[in-house]
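Student: model the structure of this input:
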Amino acid sequence: MATLEVKDLHVAVTDDETKKQKEILTGVNLEMHSGEIHAIMGPNGTGKSTLSQTIMGQPGYEVTQGDILLDGTSILDMPVDERARRGLFLAMQYPAEIQGVTNAEFLRAAINARRAKDDQISVMDFIKKLDKNLKLLDMSESMTERYLNEGFSGGEKKRNEILQLLMIEPTFAILDEIDSGLDIDALKVVAKGVNSMRGDNFGSLIITHYQRLLNYIVPDTVHVMMGGRIVKTGGPDLAKQLEKEGYAGLRDELGLDIKLVDDEN
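Tutor: Predicted coordinates:
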């Protein structure tokens, strides 16, 4: 059983205009294991996406205190590609477009990057696996020959992120607002892909604003973030409570002096 642990994590970013640091995460504590699905909910501006980017090691996020451990080993000094090779995966809200690299080329390279040199996936095995997952996600084979995310609609990009998830088979997948902008049919397809991965060797941290995604991917644990930290943890019913009462109601219930803001963090 693999473990991902976030310990007293404080993270700051530098404001482009003032060049001053602003603390976004103010002491996040979280532990999850493979075989578990965790969801993080919270108002805009509380640091949910900052947490996902920091776990993956994206530049621009400075850890000022705390640690991130994968199977007991700190990953703070590891670059993004090393974290990916060790089993972390991030499906972003706005995936990047890459010209000149087809989906198929990217997927095969990503699979082999996690394998030893004498254990590279064969062309035949890759095609079989790709065909199986394309069928599961109701995706056209033609998408594999298109450049990575180039000209894709929002829904196509999200499906493509889930295709990558199914092909790479990471130990832990962080899904950052994967439901953003999806209609109900696309949402069901995305959920179908994630649910097909459930098992002892896979865990996922789902970041979302809305209960509707959690109707299709039922989490084992729900965390609520406010003010840059987790303020409450519970089961699936916690998400339903938030849907009914809102974050202001939970803030008042917990007696928190936290302003609910609306920005990109």
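Student: so what's Gly57 closest to, chain neighbours aside?
Tutor: Val80 (4.6 Å; C-beta to C-beta, 6 or more residues apart in numbering). Where C-beta positions appear, they are placed from N, C-alpha and C, glycine not excepted.
Student: and if you look at Ala2?
Tutor: Nearest non-adjacent residue to Ala2, counting by C-beta to C-beta, 6+ apart: Ser34, 4.2 Å away.
Student: quick one: contacts for the one you found?
Tutor: When contacts are counted by C-beta atoms under 8 Å, 6 or more residues apart in numbering, Ser34 touches Met1, Ala2, Thr3, Thr171, Phe172, Asp200, Asn201, Phe202, Gly203.
Student: how close does the fifth one sit to Arg146?
Tutor: Relative to Arg146, Phe172 is positioned 28 Å away (C-beta to C-beta, to the nearest Å).
Student: and Gln241, by the same measure?
Tutor: Here Gln241 is placed at a distance of 42 Å from Arg146 (C-beta to C-beta).
Student: what packs against the helix or strand that contains Glu161?
Tutor: When elements are defined using DSSP states H and E, Glu161 is found to belong to helix 154-168. Other elements packing on helix 154-168 under the criterion 3 or more C-beta pairs under 8 Å, 6 or more residues apart in numbering; DSSP states H and E are strand 88-91, helix 103-113, helix 123-136, helix 184-196.
Student: which of those is buried the deepest?
Tutor: Comparing the helices and strands packed on helix 154-168 on average neighbours per residue, with mean count of other C-beta atoms under 10 Å, the densest one is strand 88-91 at a mean of 23.
Student: residues contacting that one, please?
Tutor: Strand 88-91 is contacted by residues 4, 52-53, 55-56, 70, 75, 158, 161-162, 164-165, 168, 170-176, 178 when judged by C-beta under 8 Å, 6+ apart.
Student: only whichever of these are buried, select them in PyMOL.
Tutor: Selecting the buried subset of the contacts of strand 88-91 in PyMOL, with 16 or more other C-beta atoms under 10 Å as the burial test, is done by:
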select buried, resi 4+52+53+55+56+70+75+158+161+162+164+165+168+170+171+172+173+174+175+176+178
